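Colleague: Okay, here's the prediction I keep looking at, along with the sequence it came from:
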There are 2 protein chains.
Amino acid sequence: VIERVDMLGIMSEAFVAHSEGRSVIPPVGELMVDGPPSGEVHIKYGYIRGGRHYVVKIASGFPGNQRIGIPSGSGLMLLFDVRTGMLSAILQDEGHLTDVRTAAAGALVSKVMSTAPIETVGIVGTGVQARLQARFLVRHVGCRNVLLWGRDEDHARDAVDDISSSGVETSRATSVDEIVDSCRLIITCTSSTSPLIRSGALRPGTHVTAIGSDTPEKQEIESSILGSADVVAVDCIEQSMLRGEVSQAIRAGVLSRGRVVEIGSILNGSAPGRVGDDQITIADLTGVAVQDLLIAEAVSDLCADG
Amino acid sequence: VIERVDMLGIMSEAFVAHSEGRSVIPPVGELMVDGPPSGEVHIKYGYIRGGRHYVVKIASGFPGNQRIGIPSGSGLMLLFDVRTGMLSAILQDEGHLTDVRTAAAGALVSKVMSTAPIETVGIVGTGVQARLQARFLVRHVGCRNVLLWGRDEDHARDAVDDISSSGVETSRATSVDEIVDSCRLIITCTSSTSPLIRSGALRPGTHVTAIGSDTPEKQEIESSILGSADVVAVDCIEQSMLRGEVSQAIRAGVLSRGRVVEIGSILNGSAPGRVGDDQITIADLTGVAVQDLLIAEAVSDLCADG
């Protein structure tokens, strides 16, 4: 049923609504479980003024789950009538809708900020998001091939096999450098806490969409890259001051808030995005409640329609 | 099924766990819906170390609902396995469990802090909580009669009739003063934003359990009463600095944080509560996630047992 939703369209709608000041998004609620086993829970919630619902999403990550054979991430979304507070829908998606909206947002941003045409997309990461990014980028951005790198070779082979089996020519890179050298569009989607892409490595004309870091601790890109990039775009400026690559670069003192633009502002034309084929551009996504709201509404509407 | 739960017992367990530093309770998440119609949503969440679950409770209040014939308050609780983040139970109680745990906590605190025996309990308020307090106080604290006041006479008559019909002798007070003069145990449970109990009105030996105010704005008791009270107890000191009667008194400069004790500390004997029959004592409850956690676990366990 989810295939019938125009995912890139609703992600665009979400980002524009947010950047036009029509969304109400309190800070992300965070519960740290100190264990063992340890885990963390994020609660994202909010609404768009003039809309029908507010959403509350509860998402968890318990890395130790893999040892007992269950997914580390899970979650669910709840929709409430914004005029009465009455519960409208519970979407027990176990985190799948978050994976999909993240992939769709990544594809949208890559489409808007990279230099077309992209022959080969470089993907750093081997998990669910690496596979979904490949699928969305091939379908919506016209990428032909995938070059993939992962720290764990077995996981990387699995991901390459999986993406290849969907008919996309995919090969495994032996290093991040190989990706940086051959790809003008790079997606990072790991849970790394130390930079994988090093300062000075990116070639002119490259766009990187950084998806992995959504906490103050995680980091995939060396901060000085953000400092010298031509464009640094985020989904939500407020949130990026606290979470993700941008928060790292701000704390490191190499990036100022004034240099960060919102994707919704690029999409509605109120801020420039990439303005030249030789620019280096970075998009840092930490995931915003408006994305959850609109995908939950879309899926809920489809279910209601049968 | 809920009748089989020892509500006062689990509220005591919740307060003690919290005051002994065994709970993890982030600040309450808050979503203001500016409408019209306007409403507010509170998200309370947390866990007890060594326990089985974490809870997330989403509670809403939309005053305009009454005009369209539906309750203004609603809510649900979710339990997750604290070792994996997997969803364990959704309790779609529409706020009922919050009402019950609030009434049980109120009765527990009134039992511990008032001067027994209490012949007549004074209740300021006419809503669901007024009725539940009456029921819990008669059953668990041994109160015999209820004297009730409400700003709206019709609502007060309804509440008196309702409580009377359960076999408790109940009469309507014509003023708050009448309650203050005749009752040594007083429960306030309104949504008032200006004080109903005035400074100097309370007679020696009185205990007041203030339940209505759970936001920075709401207030039922003049702040100077807290300033001169012999004991000021709360469910959670951190939360009471931001919400409820205590937060009002702190902001007014008539009460210091060091004078506020936690109910869990009184219950486990690490702090004194009432130490004389002539003392004036106040308990200010804003409602804590540990209460939600333990009532949700108890109800969920009972349902699982059939």
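Modeller: Arrived safely, thanks for sending. All values reported here derive from a predicted model rather than from experimental measurement.
Colleague: Now do the most far-flung residue of chain A relative to its centre, the pLDDT please.
Modeller: Computed with CA atoms, centre = their mean, the maximum C-alpha offset from the centroid of chain A is found at residue A:84, amounting to 31.6 Å. Turning to residue A:84, the model gives it a pLDDT of 97.
Colleague: Figure out the helix or strand that it lives in.
Modeller: For residue A:84, there is no host helix or strand (DSSP states H and E).
Colleague: Residue B:62 is in contact with that one, correct?
Modeller: Yes. The criterion here is CB atoms under 8 Å, and residue A:84 meets it with residue B:62 at 5.3 Å. All C-beta atoms are positioned from the backbone trio N, CA, C, and that covers glycine.
Colleague: Can you give me the first-to-last residue distance of stretch A:49-65?
Modeller: For stretch A:49-65, the first-to-last residue distance is 38 Å (CA to CA, to the nearest Å).
Colleague: Over to stretch A:56-65?
Modeller: Terminal residues of stretch A:56-65 lie 24 Å apart, using CA to CA.
Colleague: who touches both of residue A:84 and residue B:62?
Modeller: Common contact partners of residue A:84 and residue B:62 (CB atoms under 8 Å, 6 or more residues apart in numbering or on different chains): B:37, B:39.
Colleague: list the contacts for whatever residue of the stretch 201-306 of chain A ends up closest to chain B?
Modeller: Nearest to chain B, among the residues of the stretch 201-306 of chain A, is residue A:289, at 9.7 Å (CB to the nearest CB). Going by CB under 8 Å, 6+ apart, residue A:289 touches A:23, A:25, A:44, A:45, A:46, A:55, A:57.
Colleague: What subset of the residues you listed is buried?
Modeller: A:23, A:25, A:44, A:45, A:46, A:55, A:57 (16 or more other CB atoms under 10 Å in any protein chain shown).
Colleague: Could you identify the most distant pair in those residues?
Modeller: A:23 and A:57 (14.2 Å; CB to CB).
Colleague: Now do the same for residue A:245: helix, strand or coil?
Modeller: The assignment at residue A:245 comes out as helix when based on DSSP: H, G, I helix; E, B strand; the rest coil.
Colleague: need the residues of chain A near chain B, please.
Modeller: Taking CB under 8 Å from any CB of the partner chain as the contact definition, chain A meets chain B at A:24, A:26, A:29-35, A:37, A:39, A:41, A:43, A:45-47, A:49, A:54, A:56, A:58, A:60-62, A:64-65, A:68, A:70, A:73-74, A:76, A:78, A:80, A:82-87, A:90, A:92.
Colleague: okay, the buried ones among the contacts of residue A:289 in JSON lines with pLDDT next?
Modeller: JSON lines is the format used below for the buried ones among the contacts of residue A:289 (pLDDT from 0 to 100):
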{"residue": "A:23", "pLDDT": "97"}
{"residue": "A:25", "pLDDT": "96"}
{"residue": "A:44", "pLDDT": "97"}
{"residue": "A:45", "pLDDT": "98"}
{"residue": "A:46", "pLDDT": "98"}
{"residue": "A:55", "pLDDT": "98"}
{"residue": "A:57", "pLDDT": "98"}
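Colleague: where along the stretch 1-150 of chain A do the helices fall?
Modeller: In the stretch 1-150 of chain A, the helices defined using DSSP state H, counting those that start in this stretch lie at A:7-19, A:96-113, A:128-140.
Colleague: I'd like those helices as TSV, with mean neighbour count and mean pLDDT appended.
Modeller: Formatted as TSV, those follow (neighbours: other CB atoms under 10 Å in any protein chain shown; pLDDT from 0 to 100):
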stretch	mean neighbour count	mean pLDDT
helix A:7-19	23	97
helix A:96-113	24	96
helix A:128-140	22	95
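Colleague: what about stretch A:184-197, average pLDDT?
Modeller: Stretch A:184-197 comes out at a mean pLDDT of 96.
Colleague: Give me the distance between that stretch and the centre of its chain.
Modeller: From the chain centre to the centre of stretch A:184-197 is a distance of 12 Å (CA atoms, centre = their mean, to the nearest Å).
Colleague: Flag every buried residue along that stretch.
Modeller: A:184, A:185, A:186, A:187, A:188, A:189, A:190, A:191, A:192, A:195, A:196, A:197.
Colleague: which residues are in contact with that stretch?
Modeller: Taking CB under 8 Å, 6+ apart as the rule, stretch A:184-197 contacts A:106, A:110, A:114-115, A:118, A:121-125, A:127, A:129-130, A:133, A:137, A:141, A:143, A:150-151, A:176, A:179-180, A:203, A:205-213, A:217-223, A:225.
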